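> based on what follows, work out the 3D shape:
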Amino acid sequence: MTTPRSLLAALRSILFMAWLAITVVPWALAVLLVSIFARGNTVYWLCAGWLRASIWGARTICGVRHRIHGMAHLPSADPLAPAILVSKHQSTWETFAYPSLMPHPLAYVFKRELLYIPFFGWAMARMDMIHIDRSKRAEAWTKVAARGKELLDRGHWVIMFPEGTRSARGGRGTYKAGAARLAVDTGAPVVPIAVTSARCWPRKSFSLRPGVIDISIGKPIASAGREPAELMLEIETWIEAEMQRLDPQAYTTPARHPA
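Below is the predicted model of the structure:
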């Protein structure tokens, strides 16, 4: 049965999607124009401005707020301090939020098909990111390894979602070891992140619900001398345990952090 509350939530979601559509066109055109004369961080922070406006829209229009735990765990303020962020992935929300929250430019690893989205994808193509062809796994990893090292050396933080796709609230995908392999190859520390975005913006949905999204940033995990599979298991164990701590209503089986 449709209730006044659900109707209001649907209306807010429609308004939010309209906000994204209306703002992305002039913003993307501005990015394309600026990119003729400047690239690198200038274009990145300009794009991050639109993402910040999107998160503001989600909060103002749909009542989606957030709180962050563990910001002090991020690596030092050194502009060249490397880090690989490895995050739970439940929603579009965190992909929009992280660039506006992190002090370093982020380099996402994502499927190249996103570049074909009008305006949004065109602007993404102007940033220093790592877009891959998932149908060519060996070639994709070679690109991640080479481009990831290059961007880490330039002070970007590489961010990866090891489950590969968004998981349902309370769900758990298969954690792939690509992020751990990159960390071991480059010696960069791994920063695990848990995020409860499905509370407010479920996967495969354009309907947003008011509420609070928790983002928990773990302590950096050293990668030197580690095996990728073992390192990824530690990352996965921390993230999934933290997810259950942050959102216990979504889980029926308790978990513990590794000792």
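
> tell me which residues of stretch 137-144 come out buried.
Buried residues in stretch 137-144, counted by 16 or more other Cβ atoms under 10 Å: Ala140, Lys143, Val144. For the C-beta atoms, the positions are set from N, CA and C on the backbone; glycine is no exception.

> just checking, what packs against whichever strand or helix holds the last one?
Spelled out, it's Val144. Per DSSP states H and E: Val144 is located in helix 137-153. Secondary-structure packing of helix 137-153 (3 or more Cβ pairs under 8 Å, 6 or more residues apart in numbering; DSSP states H and E): strand 106-111, strand 130-132, strand 157-160, helix 178-186.

> of these, which stretch is the most buried?
strand 157-160 (a mean of 25; mean count of other Cβ atoms under 10 Å).

> tell me which stretches of the chain form helices.
Remark: helices assigned in the chain by DSSP state H are 4-37, 41-62, 92-101, 120-124, 137-153, 178-186, 228-246.

> what's the neighbour count on Pro99?
By other Cβ atoms under 10 Å, 22 other residues sit near Pro99.

> OK, contacts around the residue lying closest to Ile132 once chain neighbours are set aside?
Closest residue in space to Ile132, ignoring its immediate chain neighbours: Ala140 at 4.0 Å, by Cβ to Cβ, 6 or more residues apart in numbering. For Ala140, the contact set (Cβ atoms under 8 Å, 6 or more residues apart in numbering) comprises Ile132, Asp133, Arg134.

> now, among those, which is nearest to Ala183?
Ile132 (17.5 Å; Cβ to Cβ).

> is it true that the closest one touches Leu115?
No: here Ile132 lies out of contact with Leu115, judged by Cβ atoms under 8 Å, at a distance of 11.0 Å.

> weakest of the helices and strands packed on helix 137-153 in terms of mean pLDDT?
The minimum mean pLDDT among these belongs to strand 130-132 (a mean of 88).

> now the helices and strands packed on helix 137-153 in JSON lines, with distance to Arg5?
Shown next, in JSON lines, are those (distance: least, Cβ to Cβ, whole Å):
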{"stretch": "strand 106-111", "distance to Arg5": "35"}
{"stretch": "strand 130-132", "distance to Arg5": "40"}
{"stretch": "strand 157-160", "distance to Arg5": "35"}
{"stretch": "helix 178-186", "distance to Arg5": "39"}
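
> quick one, phi psi at Ser207?
phi -100, psi 120 (degrees, to the nearest 10).

> what's the local residue count around it?
Ser207 has 16 neighbours, counted by other Cβ under 10 Å.

> doesn't Leu11 make contact with it?
No: counting by Cβ under 8 Å, Ser207 stays clear of Leu11, with 10.6 Å between them.

> closest to Pro79 out of the helices of the chain?
Nearest of the helices of the chain to Pro79, taken as Cβ to Cβ: helix 41-62 at 9.9 Å.

> may I see the buried residues of that closest one?
By neighbour count on 16+ other Cβ under 10 Å, the buried set for helix 41-62 is 41, 43-44, 46-48, 50-55, 57-58, 61-62.

> for Val86, grab the count of nearby residues.
Counted with other Cβ under 10 Å, Val86 comes out at 28.

> looking at strand pairing, list the partners for it.
Applying DSSP bridges to Val86 gives these bridge partners: Met160, Pro192.

> enumerate every residue touching it.
Ile159, Met160, Phe161, Pro162, Ala179, Val190, Val191, Pro192, Ile193, Ile235, Ile239.

> next one: Ser91
Taking Cβ under 8 Å, 6+ apart as the test, what Ser91 contacts is Arg166, Val195, Ser197, Ala198, Cys200, Trp201, Pro202, Arg203.

> 6 Å instead?
Ser197, Ala198, Trp201 (Cβ atoms under 6 Å, 6 or more residues apart in numbering).

> the first one and Gln90 touch, don't they?
In other words, Ser197. Yes: here Ser197 reaches Gln90: they are 4.7 Å apart, a contact under Cβ atoms under 6 Å.

> now Leu15, nearest residue through space, not along the chain?
Ile61 (5.2 Å).

> and the gap between that neighbour and Gly148?
To Gly148, Ile61 is 36 Å away according to Cβ to Cβ, to the nearest Å.

> many thanks, we can stop here.
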